[in-house]
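Colleague: Turn this into a structure:
(one chain, ligands or ions: 1)
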Amino acid sequence: KEIVMSGIRPTGFLHLGNYFGALRNFVRMQEEYNCFFMVADLHALTTLPDTKDLKTNITRVLAEHLACGLDPNKCALYCQSHVYETSELYLYLNMIAMVGVLEKTTTFKDKIRLQPGNINAGLLTYPVLQAADILLHRAKLVPVGKDQEQHLEMARDYVNRFNHRYGGEVFPEPFAFNYGSELIKVPSLDGAGKMSKSENQYATLYLSDPDDQIRKKVMKAKTDSGPTEPNTPKPDYIENIFLLMKLVSAPDVIKKFEEDYNACTIRYGDMKKQLAEDMVRFIAPIREKAEAIQQDTDYLKKVMIQGAEKARASAQATMQLTREAIGLNYY
Ligand code: ATP
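Modeller: Numbering: from 1, shown residues only. Okay, the predicted model is just below:
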């Protein structure tokens, strides 16, 4: 079976982008592949100097993974910091990662704009740690959203440089994956950028949002007075509303609004009301399930221990090969 690996940072509640970019694929992939999915708590340390909420966030994110349909018996579901081998591989990969390339990474440039007072080296080497997470299981498929494409390219670069420098062909090249080919970017409701855990909170739909909050956010989404000429191209923010509808609404409903748009008879108020109700129908069952699972701390602990055992067994085998390839096996 092909090996799959991906992770989500416990930087806040999960949102629709995490679901459609990552989790939806996880749930399907666990049936077909050998899957490793982690809550990326070490990654969270690059942006969260204050760790007092980390434990709550981890249990919440884990509960949300389970509520979306991940089964700890079908995949390894674990916490990144429980797999100590990650830090070792991260160190080795740091020796082949070029600072110049890391400094030009889009996510690094974005993050330093957001936290000018805390430009730590971990932020710079975030793609190296991410490559370590993936390579640790020698994974080939990485289900992620579009924002992660550049990081995967860097991971492939590290694989080629590692294999070239040390030989051993320890790691295969990993590729970003989405069922249905194109990687997904779920846009934020204000038409600017993507939905995100830690930014644009009023323009992001969280899997934990109460029904009324969902309705309020959707109704505030940016629109205009409507097209004045038939069959005109849609502005980005309108295209985004159609895109969100495609995620949760029935095809005939979308078709009707497309026709109304092209005939210049569309009423955005009605469209948003429909979208809000479809979002509520989609999000509410996940929210309720996640809330219940989060209360069951014994179960969550069991899941974490079981996941860490599976992930460490895979990691230890890889590290053995890695040390041998580098030449660190002295006796
Ligand atoms: P943060 O705001 O803390 O940076 P995030 O919401 O961007 O967090 P990550 O933990 O960095 O989420 O990413 C987890 C997964 O969710 C990744 O696979 C990422 O590609 C995917 N993802 C995040 N946001 C979106 C989005 N808006 N559309 C599609 N996929 C997304």
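
Colleague: buried residues in the lowest-mean-pLDDT helix or strand in the chain?
Modeller: Least confident element among the helices and strands of the chain, by mean pLDDT, DSSP states H and E: helix 106-114 (a mean of 90). For helix 106-114, the buried set under the neighbour-count rule, 16 or more other CB atoms under 10 Å, comprises 108, 111. Backbone N, C-alpha and C define where each C-beta goes, glycine included.

Colleague: neighbours of residue 140, just the number please.
Modeller: 17 (other CB atoms under 10 Å).

Colleague: where's it relative to residue 197, distance?
Modeller: For residue 140, the distance to residue 197 under the criterion CB to CB, to the nearest Å works out to 27 Å.

Colleague: cool, residue 237 as well?
Modeller: Residue 237 sits 22 Å away from residue 197, going by CB to CB.

Colleague: The two - which one has more neighbours?
Modeller: Neighbours of residue 237 and residue 197, each counted by other CB under 10 Å, are more numerous for residue 197; the result is 21 against 17.

Colleague: So which bits of the stretch 1-150 of the chain are right by the ligand?
Modeller: Near the ligand, the residues belonging to the stretch 1-150 of the chain are 8-9, 11, 17-18, 20-22, 144-145, 147-148 when assessed by CB under 6 Å from any ligand atom.

Colleague: can you name the two of those residues that are farthest apart?
Modeller: The most widely separated members of those, counting by CB to CB, are 11 and 20 (18.0 Å).

Colleague: quick one: what helix or strand has the closest residue in space to residue 123 that isn't next to it in sequence in it?
Modeller: Once flanking residues are discounted, residue 123 sits nearest to residue 46: 4.7 Å by CB to CB, 6 or more residues apart in numbering. Using DSSP states H and E, residue 46 sits within no helix or strand.

Colleague: same question, residue 26
Modeller: Secondary-structure element containing residue 26, defined by DSSP H and E: helix 24-29.

Colleague: From residue 127, how far off is residue 149?
Modeller: The gap separating residue 149 from residue 127 is 11 Å, by CB to CB.

Colleague: That should have said residue 138, apologies.
Modeller: 18 Å.

Colleague: Between these two, tell me which one has more neighbours.
Modeller: It is residue 127, of residue 138 and residue 127, that has more neighbours when counted by other CB under 10 Å, with 24 against 19.

Colleague: Wait, the more buried one touches residue 151, no?
Modeller: Yes - taking CB atoms under 8 Å as the definition, residue 127 is a contact partner of residue 151 at 4.6 Å.

Colleague: Report the set of residues contacting both of the two.
Modeller: Residues touching both residue 127 and residue 151 by CB atoms under 8 Å, 6 or more residues apart in numbering: 105, 107.

Colleague: What about the closest residue to the ligand within the stretch 101-250 of the chain, how many residues nearby?
Modeller: Distances from the stretch 101-250 of the chain to the ligand, computed as CB to the nearest ligand atom, single out residue 145 as the nearest residue at 2.2 Å. Residues contacting residue 145 under the criterion other CB under 10 Å number 20.

Colleague: what sits against it?
Modeller: Residues touching residue 145, when contacts are defined by CB under 8 Å, 6+ apart, comprise 17-18, 20-22, 183-186, 194.

Colleague: same question, residue 5
Modeller: Taking CB under 8 Å, 6+ apart as the definition of contact, the neighbours of residue 5 are 35-38, 133-134, 136-137, 139, 141-142, 174.

Colleague: and those residues, which of them are in helices?
Modeller: For the contacts of residue 5, the ones inside helices are 133-134, with DSSP state H as the criterion.

Colleague: would you list the contacts of residue 5 in CSV and tack on pLDDT?
Modeller: Formatted as CSV, the contacts of residue 5 follow (pLDDT from 0 to 100):
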residue, pLDDT
35, 98
36, 98
37, 98
38, 98
133, 98
134, 98
136, 98
137, 98
139, 98
141, 98
142, 98
174, 98
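
Colleague: hang on, the earlier thing: what's the pLDDT at the residue of the stretch 101-250 of the chain closest to the ligand?
Modeller: What the model reports for residue 145 is a pLDDT of 91.

Colleague: Quick check on it: phi, psi?
Modeller: Residue 145 has phi and psi values of phi -80, psi 170 when expressed as degrees, to the nearest 10.
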